[in-house]
Structure formats: structure tokens, C-alpha cells
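# 3D, please:
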Amino acid sequence: SNLLVRLRRDDGAIVYLNEVEIFRSNMPFGSVNALTPASTTTPEDGEKFFSALVSPSLINIGDNQIAVEIHQAAVSSSDISFELEFLGNVDTAGFQPPAVSLLAPEPGDTVAANVTFVANATDVDGTIAGVDFFDGGNWVGSSTVPQNLYYTLSWSNAPSGTHVLTAVAFDSTGLNSTSAPVSITVLPAIIPRGAEWKYLDDGSNPGIAWRNVAFDDHTWSNGVAQLGYGDGDETTTTGFGPEPANRYITTYFRHAFAIANPSASSNLVVRVLRDDGAIVYLNGTEVFRNNMPGGAVSFTTPAVSAIDDDKFHGAPVMPALLVAGQNTLAVEIHQASGTSSDISFDLELLSNLPPTPPRVRLLAPTNGTIWFGPTNLMLVADNSDVDSPVATVAFFDGALDLGATNVDITGGATLIRSFNPGSHTLRAVATDTMGLSATSAPINITVIPAPILTTLVATGSVWRYFDTNYAPAAGWRTAGFDDSTWKSGPGILGYGVLGASSLPATQINSGPNPNNRQITSYFRRLFTATNAGNVTNLSFGVVRDDGAVVYLNGNEIFRMNMQTGAVSYATFAITTNAVSGTNEYYYFPTNLVPAPGMLLEGTNVLAVELHQNAVNTSDAAFDLGLFTLAPPGGRPTLHATFDGARVHLSWNAPGFTLLESASPLGPFSPSTNSTSPAVFTPALPARFYQLRQP
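Purely as a prediction, here's the structure:
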């Protein structure tokens, strides 16, 4: 009942069924031959399927043939891709419609008579056939060939008033979808966007007379805005000089216009798209300067900074500067340096624009995000204004004023503040130079207390070790074992080069000779844990060249690079997984959810046996780090454990202070030993201890 061809191609393709062309993708129209390049280099790099419906009448009973030609965009292309499937009786109800969104104009834009539509359209199981643009229910125009991945359309002489714009995308399976509506206001313009301009792009110095109405610019070039080079979105491409690495700093533009009755303009607003800096003159008088230093400038004066935004920046202009008859707007665009890769210019001059507040939105943090805290967050706001620059942006957390910041040259504002655990509703308030303000939509975030991460055994800690080439006495894995005769030293412990001249930190016995190494070495370390019942995760990092078995409080909890089953001092590590190179001193990770009783309150012991994979091994290495994760918050617990005549007081509560008193009723004062664990030798009279937050 139907046929669907789905194709992956890099760069372009033409598909034939029984010698009839059925699909062409990223190829020029008309006849092609073996030397015809594809239309463009594919941005999806052959990863995306493109689809088309095919008439079933082209199928013959019996033998049929699919034929495909893949074309590269250039002889220097680095790759080629092809894959195809041909499907019959496809359930078209299962097709996915395209996705489409209007990127420009933006909601709430106020523009002059010329409007540029920019739409993004994609499809997961077909190909975008085209995008139609609408003003309400009125069709404005279509775009079938994307430019830089986007579908664009210029709408000239749009009527003044409010317009609700949409984009409708159609795919190769016959489905379509409509973008969210965008409401804009179109104002009558003295000079609209996309107007024709005279321009001087030869790197010469025109002096100052070029700004005046009477200046003779008949030798200048002319073209329609947007003017510039380097971005690919220019209507008119200007020159930059003979040296790409030493481009002209300044390009000059002029536009003449007639005004019959200057008094009809109660106000004027000039809005400029500029990359990098601009100065605007009306009838010889400077009316706007953006991203340029103060004072006098020349044709070699660079802009303040390199920018690459696509916004129009506006400022009020005194209507008294208009004259009856001929007027001239003159603009100089300055690059930040001679190595700048692009330049952009467009301008609109609006009349009788009612005072308009700025627009502002919070870009970061993202709505609905959850953060561990307390934490510092960067608040980022994007803002614009039709008729005057935005002066400041203030940020609020509910009713709390977080502070204000000046707006940068691209129309952004940032502020870094600390947020405590809880729910936060963030807003930005932009205020322009005329005193008008606007508030962004709220952004809701949640800050939750961070989990408590505790180091129980740090890497590089001191371990007791037994390296005599035979098994230690029974019970060596338990806390009560007497290891006082064992040697001790910090990690990494081992022998051999281990890939770094400073390793190992502790040299252990390697055995009788290089061809008769001892197979197994043994290690022990006591450590203290508090709030053991709250621990949700045990995280280990283990250096083990070659294999290891790890015991906690006498019970095996994991092994690395070792065979299953019982092991002895003569058991080899897995010989096929020799540890070499940087892995010889890499901390291999292992995470465990502790079973009840695995981690004990107070004293614990880690016991590790390190096995080599051969008797002629060249090196050995061991170290281990142990970290715990526990949920945040809650009342801390003060634990007391006993070691002969001494008492160990321990707690896991950052921000709490240990206090002591001779009476359970106080008064309490800070203890002389305030670091957990605090060790005391009891003596009369009795002492009482508590934890308190300052």
C-alpha cells in the first residue's frame, strides 16, 4: 500500500528504483554526473536518516533494483557514509511529525518594517521538505533550503501593529507541525532593517566630512543590510583588505533619507547591530556609541572588545536633529583587532515609539534544578531594550535583594551568590536608562544539604605489613590481632620502578632473587568510624599490582584480579591480567553498600593480602583509600569508646564544637581537645562533654 526509503548519506545522494529517480538528498537540481559535487558538507556527518515516500506503482512483480549514487561535497572530503533501507506497508500512523521552533523574531520583539524569520526544523524519521511562515492565518512565505542549518525568510514592509507569527514544518512523510506562536510589534520605520547603504571598505581615512549630509559618496559601494563578512548571514559582503591576518579596523556606512515634517516625530530611537563597535551620527552629530572608547577616534581605533552577538542595541535620539528635506545617518563599525574574523552591521531608525520597558530573562540556573549546598551559584540574565540601553540588572531570591550588577556590552548580566539549603525562587529585574523596569519569569531551584563524605583511611597512610614469604598467624584479619612485630610504612608500598621515580614510598621485601619472588604480602590498618549506622556507601581506591583480597573486620568484602575460591600465600593473581604501565600506581575504584555490622562504631580493621601473578614479576605495589558517604543533616551523635585507660570521643558533624564541664548542668566551655577523635585520660573529678553549633 505504500513504500518508504530511508537513507544515510555523507555528503549527498540520489536514489533510483528500477531506473527511476525516487529521492534526492543534499544534491543540486537538474542533471548530474560523476563529477557533480554535493550541495554542502553534511553537518550531521552521515549519522542521520533522511526519508521519502515512494509510489508503489514503481515496483515490478519479480526482480527489482535499487541504485544509489553518493557524491562528496569536495575532493578534499575526509569521509563517506552510505546506508539504506526500503520498507513496504509502513504504518504511517507511527511516523513522527517534525519538530519546529521560531528562533527569530523573539517573543515581545519590537521591530521596524522588515522582519526576518529564522526557524529550526528537524525530523527523526523523515526529511524536512520545507517551512511555511504565517502572520496569524495569513501565509507570508516559504523556505525549502536551510541556510546554516536554519530556515529563513525576509518579510519586507510588514504592516505596523501587533503580529502573531508561527512556522509550520512539513516532512517527507507528509506530516507537519506548528511552532509555538511568537507575538511581536511592528513599528513604522524611517530606516528599516535591511535597508540599502553606501559603504567604504578600502581601509582609507575619510576624515570627518563623511558624516555630513553634503558629503559626496557617489564613489562608495552600495549594498543591502545586513552588511559584513565572516558569519555567512550577510546579504552584502564587504571587503577586509588584502591580508586576512591584518584586516581593516574600520568600515564606514551612510544612508540618506528624506523627512517632510520633522516635527511629526515626537521621539527617535536608533537601533544598531554591530560587530564589534559602532559610532552613529545623525546629520554630523554623534547620537550613539557602543563598545567604543570615549574621546576622539580615528580609522585605526579598535573597538573595546571582540563581541559576536546578534542583538540590536538601541538608544534615544533627539528629534531636533532632523531637518526638513535630506538627512543622513552615518555609521562607523570598528573591529577589536586586525585579526578579527567577521564584521556585522544593520540599523533601524524608529519614530514615535512609546517608552518601552526592557526585556529580561534568567538563563541560569535552570528552572527545576537541584543543587547540593550550601553552594555558590552564578545567576546569568539576558536582557535587551528597544529604545534605550539597560543600565542595571538586580537579582532577587523571593523578596531578598541579592544585589545588582551592570550590564555587559552584549546585553548580559551575572552575579555570584551563596545559597543555603531550601527552596529558592529567583528573579531578575532590568532597569533601563529611562528608569523603566521589567521582571523576568521566576526560576525555582532547590538546594539540599550535601551528603557527608568522610575519609576513614587516606591514600598514603601508614600500614603494618608482613613480607616474610609465608602466611601470618591465624586471626591476622581481625582487630584484636597483635601486629606489633610487623613492619610499618606509608603507601604506596612495594618494590620495583612502578613507572615513577618517587615510588614506592615504602620498600618491602621482594623475595630471594628476581626469578624467585615471594607471591603474597600482607597489610593491616586500624581506623575509627563514627555514626557507622548512617553510612550508606563505602568507597575504596586500591593500588594493587597484581591482585588483592580485602577484608573488613575479618570478613572478605571484595577481591581484585584474583581467582574465586580459597586463597593461600602461594595463590597467584590472575596471570592473564598483568598490571603494567600507569596502572601499576592507579587507584582502582570499588564501591560497596555496607551490610549491617560490616562497619563498626569505633575501632575497625582493614586487612589486605597482595598477590603477584608470577615468581619472576618485576614489581609489586599496594595502597588503599577508604571513604564513606552518609546522608546530610540530623542531630550529630557523640560516641565514646575505650582504649585501656583512655577515652576516645568522636563525632561526624562539621561545624560542631566539643564543649566540656565539671557538671552535667554546666556551664560548658570549649574543650582543649576539639578535633575528632578527641582522646582523654579520665581523672577525678568527673568531666561531661557535649557538641554544640556555634
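# in the sheet, who's paired with Ala13?
Ser25, Ile70 (DSSP bridges).
# number of nearby residues for it?
22 (other C-beta atoms under 10 Å). Heads up, the C-betas are built off the backbone N, CA and C, glycines and all.
# likewise Ala158?
With other C-beta under 10 Å as criterion, Ala158 counts 20.
# That one and Asp109 touch, don't they?
No: the pair Ala158 and Asp109 does not pass the contact test of C-beta atoms under 8 Å, sitting 11.7 Å apart.
# Phi, psi for the spatially most central residue of the chain please.
The residue lying closest to the centre of the chain (C-alpha atoms, centre = their mean) is Ala364, at 11.2 Å. Per-residue torsions, Ala364: phi -150, psi 140 (degrees, to the nearest 10).
# how much space between it and Ser437?
As judged by C-beta to C-beta, to the nearest Å, Ala364 and Ser437 stand 21 Å apart.
# now Ala428
Ala428 is 11 Å from Ser437, by C-beta to C-beta.
# do the same with Thr520
Thr520 is 74 Å from Ser437, by C-beta to C-beta.
# who's more crowded, the two?
Thr520 (24 against 15).
# need the strands for the stretch 351-500 of the chain, in chain order.
In the stretch 351-500 of the chain, strands defined by DSSP state E, counting those that start in this stretch lie at 359-364, 370-373, 375-384, 390-397, 400-406, 412-419, 422-432, 437-439, 443-449, 452-457, 462-466, 487-490, 493-495, listed in chain order.
# which parts of the first one are buried?
It refers to strand 359-364. Arg359, Val360, Arg361, Leu362 (16 or more other C-beta atoms under 10 Å).
# what's next to that strand, contact-wise?
108, 377-385, 390, 393, 426-430, 438-441, 443 (C-beta atoms under 8 Å, 6 or more residues apart in numbering).
# Buried only: go through these for me.
For the contacts of strand 359-364, a neighbour count by 16+ other C-beta under 10 Å gives the buried set as 377, 379-385, 390, 393, 426-430, 438, 440, 443.
# mind checking how far the residue lying closest to Leu282 once chain neighbours are set aside is from Glu348?
The shortest distance from Leu282 to any non-neighbouring residue, by C-beta to C-beta, 6 or more residues apart in numbering, is to Leu321 (4.8 Å). Remark: distance between Leu321 and Glu348 (C-beta to C-beta) = 17 Å.
# the more surrounded of those two?
Higher neighbour count among Leu321 and Glu348: Glu348, with 24 against 15, using other C-beta under 10 Å.
# check which helix or strand covers the more buried one.
Secondary structure assignment for Glu348, by DSSP states H and E: strand 343-351.
# Centre of the chain to that strand, how far?
32 Å (C-alpha atoms, centre = their mean, to the nearest Å).
# Please identify the pairing partners of it and their relative orientation?
Note on strand 343-351: by DSSP bridges, its sheet partners are strand 189-191 (antiparallel), strand 227-229 (antiparallel), strand 268-275 (antiparallel).
# rewinding a little: what bridges to the residue nearest to the centre of the chain?
Under the criterion used here (DSSP bridges), Ala364 is bridged to Val380.
# can you offset everything so residue one is 58?
I'll keep to 58 as the first residue from here, and by that count the last item is Ala421.
# okay if I get the buried residues of strand 416-421 as JSON lines plus pLDDT and distance to Thr230?
Formatted as JSON lines, these follow (pLDDT from 0 to 100; distance: C-beta to C-beta, whole Å):
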{"residue": "Arg416", "pLDDT": "87", "distance to Thr230": "38"}
{"residue": "Val417", "pLDDT": "91", "distance to Thr230": "41"}
{"residue": "Arg418", "pLDDT": "91", "distance to Thr230": "35"}
{"residue": "Leu419", "pLDDT": "94", "distance to Thr230": "38"}
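# Out of those residues, the closest to Tyr309 would be?
Nearest to Tyr309 out of the buried residues of strand 416-421 is Arg416 (C-beta to C-beta; 31.3 Å).
# The residue nearest to Ile631 when sequence neighbours are not counted and Lys544, how far apart?
Leaving aside its sequence neighbours, Ile631 sits nearest to Asn618 (C-beta to C-beta, 6+ apart; 5.2 Å). Asn618 is 25 Å from Lys544, where distance means C-beta to C-beta.
# Check Phe629 too.
Distance from Phe629 to Lys544, by C-beta to C-beta: 24 Å.
# same check, this time on Ala226
According to C-beta to C-beta, Ala226 and Lys544 sit 74 Å apart.
# higher neighbour count, the two?
Legend: neighbour count by other C-beta under 10 Å for Ala226 and Lys544, higher for Ala226 (26 against 15).
# wait, doesn't the more buried one sit right on Asn233?
Yes: judged on C-beta under 8 Å, Ala226 makes contact with Asn233 at a distance of 6.2 Å.
# what's the overlap in contacts for these two?
Pro155.
# For the closest residue to Asp182 other than its chain neighbours, give me phi and psi.
Closest residue in space to Asp182, ignoring its immediate chain neighbours: Gln153 at 5.2 Å, by C-beta to C-beta, 6+ apart. Taking degrees, to the nearest 10, you get phi -100, psi 130 for the backbone angles of Gln153.
# quick one: Gln153 from Ser234, how far?
Taking C-beta to C-beta, one finds Gln153 at 10 Å from Ser234.
# So between the two, which is more surrounded?
Per other C-beta under 10 Å, whichever of Gln153 and Ser234 has more neighbours is Ser234, with 17 against 13.
# Adjacent strands (with direction) for the helix or strand hosting the more buried one?
Assigned by DSSP H and E, Ser234 belongs to strand 233-235. Take DSSP bridges as the rule and strand 233-235 pairs in its sheet with strand 218-228 (antiparallel).
# Would you mark the buried spots in the strand it pairs with?
His220, Leu222, Thr223, Ala224, Val225, Ala226, Phe227, Asp228.
# Redo those as TSV? Include pLDDT and distance to His312.
Below are the buried residues of strand 218-228 laid out as TSV (pLDDT from 0 to 100; distance: C-beta to C-beta, whole Å):
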residue	pLDDT	distance to His312
His220	95	25
Leu222	96	27
Thr223	95	32
Ala224	95	31
Val225	93	35
Ala226	92	36
Phe227	86	38
Asp228	84	42
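# Relative to Val111, which of those is nearest.
Of all these, Val111 sits closest to Asp228, with 14.8 Å by C-beta to C-beta.
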